[in-house]
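Engineer: Please work out how this folds:
(2 chains)
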Amino acid sequence: MKTIIISIAIAVSILAACKSNRPAESKTTMTTSSIKEVKSSGPIEEIVTAYLELKNSLAEDNSANAAKAGTQLETAFENFDKTALAGAERKTFEDVEEDARENAEHIGENSGNIAHQREHFELLSKDIYDLVKAFGSGRVLYKFVCQSYNNGKGAFWISETNEIINPYLGESLPACGTKAEEI
Amino acid sequence: MSRLNKILLTTCAVIIAIQFIQPARNKNGQVLSTDISKTVTIPDSVLDILMNACYDCHSNNTNYPWYSNIQPMGWLMANHIKQAKEELNFSEFNSYSHRRQVSKLDGIANSIKDDIMPLSSYKLMHKNANLNKDEKKRIINWAQQSGDSLSTKNYNRF
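Structural biologist: Model prediction:
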C-alpha cells in the first residue's frame, strides 16, 4: 500500500512540474469599477469597448488593468456571434479574430510587463482598425499616429476622444500623436 | 527492510518505469509546402541562426540532445515544444493568414530585441543560442524588413 502511495506521489509531483510551465490562466473576473466605462454601440460594441479600456489603461501606465482589459477583449471575441456573418464578411472577421485574440491573450498574460503589452497593442490596433472599417462601430472614433514611437517607425491607435492621450509612451510623453483620420 | 530502503527502492522503480514512457518525437525530415521559406526570403546568415537557436522548439524538426531520452526531461521538452509551436511554427508559417504572418515577424523582432527569446533555460544547454549583438541585429533587421515588405503588399502601414 505504502509503495503505491509513494509512487503516486512521485508521479503527481512530476506531472505538476510539467503543468507549472504553462502560463497562468488569467480567468480573473473583471473589476469594472477600476476601469473607466467606455460606452459604445454597434455589432462589435463589446470588442471596441474592451479595446478602448485597454488603450486607456496603457495610457495610464497601468499594466494590471491593461491585462484585465486584454482578457476582457479575448472574451469579447469569444462572445461575438459569428453566425450572423456570411461569406466574405465572415472571412474578414475570422482573419482579424485569429490575430487579435492571440494579441489580447498575450496582453492578458503579461501583467507587469507593459513594454511587451504595448508591442501586442500595436498589432492589435491594426486589427481593431480593420474590424471597425469593415463593420462600423456605431460611433465616432479617431485614429492617431505617433511617429516618434519605436525609433521613428511609428505606431497608431484608435481613440474615442479627440484628445491625444498616447497609450504607447504613457505618462512619459502623453502628447505624442497627430490625428490621422476620423472613422 | 527499513522504511528508508523501501522509499529508495520505490523511487528507483518509478524512475526506471517512467523511462518506458517516451513522448512522440518532433521530427519531420521534409520541407513542407507550409514552410516559412516558401513565403519569406531568408538569407543563409539568418537561417543559420534560426536553425541553431529557434528551430528546436519552433519547427517540426527538433535536434534532440542526449538527455531528451531520459524521463522526465523528455516529457518537459515535449511540453515546451508543443507550446512553442502553438506560438510560432516556422514549418507551418506559410499556412498562417497574411495578417498573422506580419504579426509573427513583428513578434520575432520584438522578442529578440527584448531578450525574451531564446529562453534562458534553453541557452543554458545550447551555447549556439547565445546570440551576440551582431546576430541579434541580423535577426531583427530581417524580421522587420520581411514584415514590412509583406505588409506593403496588401496595405499601407498607416
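
Engineer: going forward, measure contacts and count neighbours with C-alpha atoms only.
Structural biologist: OK.

Engineer: those helices in the chain, which residues are they?
Structural biologist: Because you didn't say which chain, this covers chain A. A:2-19, A:45-59, A:63-79, A:87-109, A:114-135 (DSSP state H).

Engineer: oops, chain B please
Structural biologist: B:3-18, B:44-53, B:55-58, B:73-87, B:98-113, B:120-125, B:133-154.

Engineer: winner for burial among those helices?
Structural biologist: helix B:55-58 (a mean of 23; mean count of other Cα atoms under 10 Å in any protein chain shown).

Engineer: Any part of that helix near chain A?
Structural biologist: No. Helix B:55-58 does not reach chain A (Cα under 8 Å from any Cα of the partner chain); its nearest approach is 14.7 Å.

Engineer: For that helix, name the packing helices and strands.
Structural biologist: Under the contact criterion of 3 or more Cα pairs under 8 Å, 6 or more residues apart in numbering or on different chains; DSSP states H and E, helix B:55-58 touches helix B:73-87.

Engineer: who's in contact with the residue nearest the centre of chain B?
Structural biologist: Nearest to the geometric centre of chain B sits B:Cys57, at 2.3 Å (Cα atoms, centre = their mean). Contact analysis of B:Cys57 by Cα atoms under 8 Å, 6 or more residues apart in numbering or on different chains lists B:His80, B:Ile81, B:Lys82, B:Ala84, B:Lys85.

Engineer: Could you do B:Tyr64 as well?
Structural biologist: By Cα under 8 Å, 6+ apart, B:Tyr64 lies in contact with B:Asp56.

Engineer: Same question for B:Lys27.
Structural biologist: Counting by Cα under 8 Å, 6+ apart, B:Lys27 has contacts B:Asn60, B:Asn61, B:Thr62.

Engineer: Please tell me the pLDDT value assigned to the second one.
Structural biologist: Meaning B:Asn61. Looking at B:Asn61, its pLDDT stands at 91.

Engineer: Check A:Ala11 and give its pLDDT.
Structural biologist: Reported pLDDT for A:Ala11: 52.

Engineer: again with the one 4 residues further on
Structural biologist: Reported pLDDT at A:Leu15 in the predicted model: 48.

Engineer: And the nearest residue to B:Thr41 once chain neighbours are set aside, how far from B:Lys127?
Structural biologist: Distance criterion Cα to Cα, 6 or more residues apart in numbering or on different chains; nearest residue to B:Thr41, sequence neighbours excluded, is B:Ser146 at 7.7 Å. Distance, B:Ser146 to B:Lys127, by Cα to Cα, to the nearest Å: 27 Å.

Engineer: got a list of what A:Asp61 touches?
Structural biologist: Counting by Cα under 8 Å, 6+ apart, A:Asp61 has contacts A:Ile114, A:Pro167, A:Gly170, A:Glu171.

Engineer: Spit out the contact partners of the nearest residue to the third one once chain neighbours are set aside.
Structural biologist: So that's A:Gly170. Leaving aside its chain neighbours, A:Gly170 sits nearest to A:Ala59 (4.3 Å; criterion: Cα to Cα, 6+ apart). Taking Cα under 8 Å, 6+ apart, we find A:Ala59 in contact with A:Ile165, A:Asn166, A:Pro167, A:Tyr168, A:Leu169, A:Gly170, A:Glu171, A:Pro174.

Engineer: shaky segments in the chain?
Structural biologist: Just going to use chain A. A:1-42 (pLDDT under 70).

Engineer: nope, chain B please
Structural biologist: Applying pLDDT under 70 to the predicted model, the residue ranges of chain B that meet it are B:1, B:153-158.

Engineer: mind putting the contacts of B:Cys57 in a markdown table, distance to B:Ala17 included?
Structural biologist: Shown next, in a markdown table, are the contacts of B:Cys57 (distance: Cα to Cα, whole Å):
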| residue | distance to B:Ala17 |
| --- | --- |
| B:His80 | 22 |
| B:Ile81 | 23 |
| B:Lys82 | 24 |
| B:Ala84 | 28 |
| B:Lys85 | 29 |
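
Engineer: now, which of these sits nearest chain A?
Structural biologist: Closest approach to chain A among these (Cα to the nearest Cα): B:His80, at 8.1 Å.

Engineer: mind exporting stretch A:87-97 as PDB, just the C-alpha atoms?
Structural biologist: Extracted in PDB, the C-alpha atoms of stretch A:87-97 (Å, rounded to 0.1, in the frame of the first residue of the first chain):
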ATOM      1  CA  GLY A  87     -19.200  34.700 -46.900                       C
ATOM      2  CA  ALA A  88     -16.600  37.400 -47.300                       C
ATOM      3  CA  GLU A  89     -17.700  39.200 -44.100                       C
ATOM      4  CA  ARG A  90     -17.100  36.100 -42.100                       C
ATOM      5  CA  LYS A  91     -13.700  35.600 -43.600                       C
ATOM      6  CA  THR A  92     -12.700  39.200 -42.800                       C
ATOM      7  CA  PHE A  93     -13.900  38.800 -39.300                       C
ATOM      8  CA  GLU A  94     -12.200  35.500 -38.700                       C
ATOM      9  CA  ASP A  95      -8.900  36.700 -40.200                       C
ATOM     10  CA  VAL A  96      -8.900  39.600 -37.700                       C
ATOM     11  CA  GLU A  97     -10.200  37.500 -34.900                       C
END
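
Engineer: Fine, thanks again, bye for now.
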